[in-house]
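Student: turn this into a structure:
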Amino acid sequence: MQSTPEEQIDKAFGTIKSALRTELLQRILQNTPTFFEELIIDLLVKMGYGGSRPLLLCAQTHVPVAPVLPDRNLTPGDADAALTKEVICNKSWSTHEVRNVPEAEKKQVYERYRLQGDNTSYCAGPGGCEIDHLISLELGGKNTVQNLWPQSYSGLPWNAHVKDALEDHLHKLVCDGTVTLQTAQNEIKTDWIKAYEKYVGSKPK
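Tutor: Okay, here's the model as predicted:
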């Protein structure tokens, strides 16, 4: 008996689904146990379990570590409306004019991320980190807790040095009119790694 078009479509879909399942499983098995653990954490976060990825990773290792990406619930990003393109692109302007993060505020940020800090703004957790502006000052960011997070200072490949390069590049793009200031702010606060790959290039070595 000849199958109906609907049955043929269902059969083809089942075949594709089975092949995809097999391929995904093979790719997962080819990776390290650490990759698998982080994959499970990502799945749990996407499904709405466990809060945020950084805090889940802390719970997994039992050691608070500086996250590569900030917890969006703790650090959503905060822009200063007074720091317009005209201001930040003025050659006589410097971030030193607006940088103001007292030690008490740094301590508050460390505590929110369950990290310990010292008196030089660097955290005492594994790998080290620094208090960083999610939306950088050169892109019009504020000195508020909502815009501050303890970013990995020495992690590879993504760390504070790499993000600094992205900030400098975005600043140039904003000032030459290639990208609007609002777009740059939104991109870097949403996912600075994806913004790096989009505007700077492939993953740094």
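
Student: rest of the way, CA atoms for contacts and neighbours
Tutor: Noted.

Student: now residue 25: how far from residue 39?
Tutor: Distance, residue 25 to residue 39, by Cα to Cα, to the nearest Å: 12 Å.

Student: can you list the buried residues in stretch 176-191?
Tutor: 181, 184-190 (16 or more other Cα atoms under 10 Å).

Student: okay, and the spatially most central residue of the chain sits in which element?
Tutor: The chain has residue 69 as the residue nearest its centroid, 3.0 Å off, counting by Cα atoms, centre = their mean. Under DSSP states H and E, no helix or strand contains residue 69.

Student: surely it touches residue 189?
Tutor: No. Applying Cα atoms under 8 Å, one finds residue 69 not in contact with residue 189, separated by 9.5 Å.

Student: check contacts around residue 185.
Tutor: By Cα atoms under 8 Å, 6 or more residues apart in numbering, the contact list for residue 185 reads 79, 135, 139-140.

Student: what's residue 79 sitting at in phi/psi?
Tutor: When read as degrees, to the nearest 10, the backbone of residue 79 gives phi -110, psi 150.

Student: lowest-confidence helix or strand of this structure?
Tutor: Lowest by mean pLDDT, DSSP states H and E among the helices and strands of the chain is helix 53-61, with a mean of 48.

Student: what's the following helix or strand after it?
Tutor: By DSSP H and E, the next helix or strand past helix 53-61 is helix 85-88.

Student: and that following helix, what's buried?
Tutor: Residues 85, 88 are the ones in helix 85-88 that count as buried (16+ other Cα under 10 Å).

Student: ditto for stretch 76-86
Tutor: By 16+ other Cα under 10 Å, the buried positions in stretch 76-86 come out as 76-79, 83, 85.

Student: picking that back up, which of the contacts of residue 185 fall in helices?
Tutor: Using DSSP state H, no member of those falls in helices.

Student: for the residues you listed, which one is nearest residue 15?
Tutor: Using Cα to Cα, residue 135 comes nearest to residue 15 of the contacts of residue 185, at 46.1 Å.
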